[in-house]
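> make a model of this:
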Amino acid sequence: VLNRLPLPYLVGTFQLGIGGLWVALQWLSKIRSFPKLNPDELRRALWVGFFHGGGQLTTVLSLGAGAVSFTHIVKSAEPLFSALVSALCFGQIFKPQVYLTLIPIVGGVAVACAKEINFNVTSFVAAMVSNAFFGLRSNFSKSLMQNNKRSMDIHPANLFGIVTILGFLICLPLALILEHGAVFSVWKDASNALSSNFDHPSLILVGNLILSGLTHYMNNEVMYLALGSVHPVTLAVGNTIKRIFLILVGMIVFNDRITLLGGVGSVVAIVGVQLYSIARQKYA
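Numbering: from 1, shown residues only. Have a look, this model is predicted:
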């Protein structure tokens, strides 16, 4: 989508809006129970929505500014940020052996992604900021889940729906201020580029935006379901190893060949995940 519509703030916000609409329709149709938050829960959810929206926009900005593989390299450091937030904000400190296992995970993914590395300052800074935002989001979401014992309405999937809508409302004014002036010219250029292959290029663009929003929402909802059962650092480790899977998908879809360095990095990261699992069980 960003290749056709280089509007990272509006694209990222639109994805949040599609996700928010998706879950709102489920609440209205009573497929899901409608969540009810008291004022304190709403205040805390607003902060999580801010972290989620900030992480979304900075991730999309990083992807738009640099190579996809470079963004994955920088975002492989997410477990370190999550561990830092957990320690500083919630006083949850693990044994040194647990933290040491994060090194091969982060390093292995970085090595596996390194074959296409093209350093870009904007992409690097945005990805690092997104790591901080998502570290905060995961830890504060987990805290909200643990402290909410009064109602099953605020289960992880419903909480993510609330967070998504709040993130959309927070990000929309900023996105409009920054990119509203370029929307029509960018959309026209994208439509003209697609018109030679498609009869209705605008429908193709809208369809791509909707599909990206739905897949983004579903991916993150599954992540929140997992967060309901595991520690935020463990979730960040899972997100990091997921990047190896993205490389494999790229090999299949785009017929990319994995290099020796990529293979070694993948193996190191997978071994690191196993070591992390063992260390968490032994030194918890």
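
> which one is residue 235 nearest to, not counting chain neighbours?
Closest residue to residue 235 apart from its sequence neighbours, by CB to CB, 6 or more residues apart in numbering: residue 227 at 5.2 Å. Where you see a C-beta, it was placed from the backbone N, CA and C, and this is true even at glycine.

> so what does the one you found look like in phi/psi?
phi -60, psi -30 (degrees, to the nearest 10).

> who touches it in this structure?
For residue 227, the contacting residues are 138, 141-142, 145, 156, 235, by CB atoms under 8 Å, 6 or more residues apart in numbering.

> got a winner among those for most neighbours?
Using other CB atoms under 10 Å as the neighbour test, those are led by residue 138, with 30 neighbours.

> ok, back up a step: out of the contacts of residue 227, the closest to residue 52 would be?
Lowest distance from residue 52 to the contacts of residue 227 (CB to CB) belongs to residue 141, with 8.4 Å.

> tell me the buried residues in stretch 232-239?
232-237, 239 (16 or more other CB atoms under 10 Å).

> point me to the helix or strand that includes the residue nearest the centre of the chain.
Centre of the chain computed as the mean C-alpha position; nearest residue by CA atoms, centre = their mean is residue 56, 6.2 Å away. Using DSSP states H and E, residue 56 sits within helix 39-65.

> quick one: distance of that helix to the chain centre.
10 Å (CA atoms, centre = their mean, to the nearest Å).

> and stretch 200-220, by the same measure?
Distance, stretch centre to chain centre, for stretch 200-220: 16 Å (CA atoms, centre = their mean).

> do the same with stretch 185-204
28 Å.

> buried stuff in that stretch?
Neighbour-count burial for stretch 185-204, counted by 16+ other CB under 10 Å, picks out 186-187, 190-191, 194, 201, 204.

> what sits up against stretch 169-184?
Residues external to stretch 169-184 that are found in contact with it (CB under 8 Å, 6+ apart): 7, 9-10, 12-13, 16-17, 46, 49-50, 53-54, 56-57.

> distance between it and the chain's centre?
That offset, for stretch 169-184, works out to 20 Å (CA atoms, centre = their mean).

> export it as PDB, just CAs?
Extracted in PDB, the C-alpha atoms of stretch 169-184 (Å, rounded to 0.1, in the frame of the first residue of the first chain):
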ATOM      1  CA  LEU A 169      -9.200   8.900  17.300                       C
ATOM      2  CA  ILE A 170      -5.900  10.100  18.800                       C
ATOM      3  CA  CYS A 171      -4.000   9.700  15.500                       C
ATOM      4  CA  LEU A 172      -6.600  11.100  13.100                       C
ATOM      5  CA  PRO A 173      -6.100  14.800  13.800                       C
ATOM      6  CA  LEU A 174      -2.300  14.500  13.500                       C
ATOM      7  CA  ALA A 175      -2.500  12.500  10.200                       C
ATOM      8  CA  LEU A 176      -4.900  15.100   8.700                       C
ATOM      9  CA  ILE A 177      -2.700  18.000   9.700                       C
ATOM     10  CA  LEU A 178       0.500  16.500   8.300                       C
ATOM     11  CA  GLU A 179      -0.700  14.900   5.100                       C
ATOM     12  CA  HIS A 180      -4.100  16.300   4.100                       C
ATOM     13  CA  GLY A 181      -2.600  18.600   1.400                       C
ATOM     14  CA  ALA A 182      -1.000  15.700  -0.500                       C
ATOM     15  CA  VAL A 183      -4.000  13.300  -0.500                       C
ATOM     16  CA  PHE A 184      -5.600  14.200  -3.800                       C
END
